[in-house]
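Colleague: give me a model of this one.
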Amino acid sequence: MGADTGFDRGTGFGPGADAAVGERRHLVGLAYRMLGSVAEAEDAVQEAYARWYAQAPERRAAIASPGAWLTTVLSRVCLDVLGSARVRRESYVGEWLPEPLPDTAEWAVGAGRTADPADRITLDESVGMAFLVVLESMTPAERVVFVLHDVFRYPFPEIAAIVDRTPAACRQLATSARRRVGAAPAPAAGSAVVVREFRQAWEAKDIGALVGLLDPSAVMVADGGGLVSAVVRPVEGGERIAQYLARMAEWAPGLVLLERTVNGRPGLVARRDGATATVAALDVADGRITRIWAVRNPEKLRLWTAT
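Modeller: Residues are numbered from 1 along each chain as shown. Sure, this is the predicted structure:
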C-alpha cells in the first residue's frame, strides 16, 4: 500500500497512476485553503482519490491529465463540504476558527510525523489565520472560485467547468470575494519581536505591559468547540484582553508558553502538563497586536501534540 495515498500502486492502474499520486501535495494544500481544516482537507482528498481509483483502469489511462481530473472532483467535494459545514456551524458552541497549521520544521524529531498531511501544505500568505478567517465569511461558491483563481491561478474557463457556472459568473464571484479579502491585513515586519515581548509580559502577569503591546481596539476570539472552556464571544479592547489573559495565567498554573510559527506567522502555543492546550495566532500592526485567534478545541490541535 502506498504511503501517500493509501491505495495499492502496483495493481496495473495504468500510466496515470503515478501522476495521480504526485498530485497529493497540491490537492491537500488546495483543500485546506478551501475548508480551513487539515482533517477535512485530508478527508476530501481521500474522497477524490477514492473516486479516481473507482474507475476502470482503462478509463483512468484515457484521462490526459489526472491532476486536472482530481482537482475538479476535489473542488466539487469541497463545495459540498462547505455547504454542509455552514449548517453544522450554526450549532457550534462559541466561535468557529480554522484549524491552526504548524511549521513542520519546528516539530519534535522522531515524533512519527511521516507523510502527515500538514507536510504537504506550503506556508504562505494564503494560509495566514487572518486570510482564512476572511475566507470563512464567503459563500461556498465564492470561496472555491477565489481559491482556484486568485490563489492557485486557474483560469476562469477551467473554473467554470469545475463549479458548473459560466466564466462571467465565476468572475463576479471572484470580484465579490476579493472585496472581502481586501480587509485582511498583510504580514507586519517585527511581528516576532512583539510576540516575544507579549509572551514575556503574559508570563510575568504584567497587565501594564500587555496593554502596551495590544492595540486599544484589539479583538481576541477563542474556539473551544464546547469541549473545553473558552470565551463564547470575542473579547474586545486591549485592556479587557490583558485583564482576561492575566486572570487566565492565575487560573492555569504551570502553563508553559512557547513561541511557534502558526500558519506561517509568529504565534504562541500554551502547554500544560506536556499537552498542548491552546494555539494562538496573532496579527501585528504598527508594533501592536490587533487580533488574537486562540484555538482551544482539542480536535483541532492534534497536529500540535509534539511541537
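Colleague: what kind of secondary structure is A189 in?
Modeller: What DSSP: H, G, I helix; E, B strand; the rest coil gives for A189 is coil.
Colleague: so how far is V284 from it?
Modeller: In this view, A189 and V284 are 9 Å apart by Cβ to Cβ, to the nearest Å. Heads up, the C-betas are built off the backbone N, CA and C, glycines and all.
Colleague: next one: A48
Modeller: For A48, the distance to V284 (Cβ to Cβ) stands at 37 Å.
Colleague: show me what the lengthiest helix in the chain packs onto, helices and strands only.
Modeller: In the chain, taking DSSP state H as the definition, the longest helix is helix 66-89. In terms of contacts (3 or more Cβ pairs under 8 Å, 6 or more residues apart in numbering; DSSP states H and E), helix 66-89 is packed against helix 16-21, helix 24-35, helix 38-54, helix 140-146, helix 156-163.
Colleague: all the strands of this structure, residue numbers only.
Modeller: 214-223, 235-236, 256-262, 265-272, 275-285, 288-295 (DSSP state E).
Colleague: any chance of the ones you listed in TSV, with mean pLDDT too?
Modeller: What follows is the strands of the chain, written out as TSV (pLDDT from 0 to 100):
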stretch	mean pLDDT
strand 214-223	97
strand 235-236	97
strand 256-262	94
strand 265-272	94
strand 275-285	95
strand 288-295	97
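Colleague: got a markdown table for the ones you listed, with distance to S84 and mean neighbour count too?
Modeller: A markdown table is the format used below for those (distance: least, Cβ to Cβ, whole Å; neighbours: other Cβ atoms under 10 Å):
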| stretch | distance to S84 | mean neighbour count |
| --- | --- | --- |
| strand 214-223 | 19 | 20 |
| strand 235-236 | 30 | 16 |
| strand 256-262 | 27 | 18 |
| strand 265-272 | 29 | 21 |
| strand 275-285 | 25 | 22 |
| strand 288-295 | 21 | 23 |
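Colleague: including distance to L245, could the ones you listed go into JSON lines?
Modeller: Shown next, in JSON lines, are the strands of the chain (distance: least, Cβ to Cβ, whole Å):
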{"stretch": "strand 214-223", "distance to L245": "8"}
{"stretch": "strand 235-236", "distance to L245": "9"}
{"stretch": "strand 256-262", "distance to L245": "10"}
{"stretch": "strand 265-272", "distance to L245": "10"}
{"stretch": "strand 275-285", "distance to L245": "10"}
{"stretch": "strand 288-295", "distance to L245": "9"}
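Colleague: so for E99, which of these sits nearest?
Modeller: Ranking the strands of the chain by proximity to E99 (Cβ to Cβ) places strand 288-295 first, at 7.3 Å.
Colleague: the closest one versus strand 256-262: what angle between them?
Modeller: 100 degrees (axes from the mean of the first three to the mean of the last three Cα atoms, to 10 degrees).
Colleague: strand 288-295 packs against which elements?
Modeller: By 3+ Cβ pairs under 8 Å, 6+ apart, strand 288-295 packs against helix 129-136, helix 191-203, strand 214-223, strand 275-285.
Colleague: residues touching T278, list them.
Modeller: For T278, the contacting residues are L268, V269, A270, A294, V295, R296, by Cβ atoms under 8 Å, 6 or more residues apart in numbering.
Colleague: how far away is it from L268?
Modeller: T278 is 8 Å from L268, by Cβ to Cβ.
Colleague: and A20, by the same measure?
Modeller: From A20 over to L268 (counting by Cβ to Cβ), the distance is 39 Å.
Colleague: equivalent analysis for G29, please.
Modeller: 25 Å.
Colleague: dump stretch 250-262 to CSV, restricted to CA.
Modeller: Below are the C-alpha coordinates for stretch 250-262, written out as CSV (Å, rounded to 0.1, in the frame of the first residue of the first chain):
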residue,chain,number,x,y,z
GLU,A,250,-3.7,32.6,37.5
TRP,A,251,-6.5,30.0,36.7
ALA,A,252,-4.0,27.7,34.9
PRO,A,253,-0.8,27.5,37.0
GLY,A,254,2.0,25.6,35.3
LEU,A,255,1.1,26.9,31.8
VAL,A,256,4.2,27.0,29.6
LEU,A,257,4.2,29.4,26.7
LEU,A,258,6.2,28.6,23.6
GLU,A,259,6.9,30.9,20.6
ARG,A,260,6.0,28.9,17.5
THR,A,261,5.0,29.6,13.9
VAL,A,262,1.3,29.4,13.4
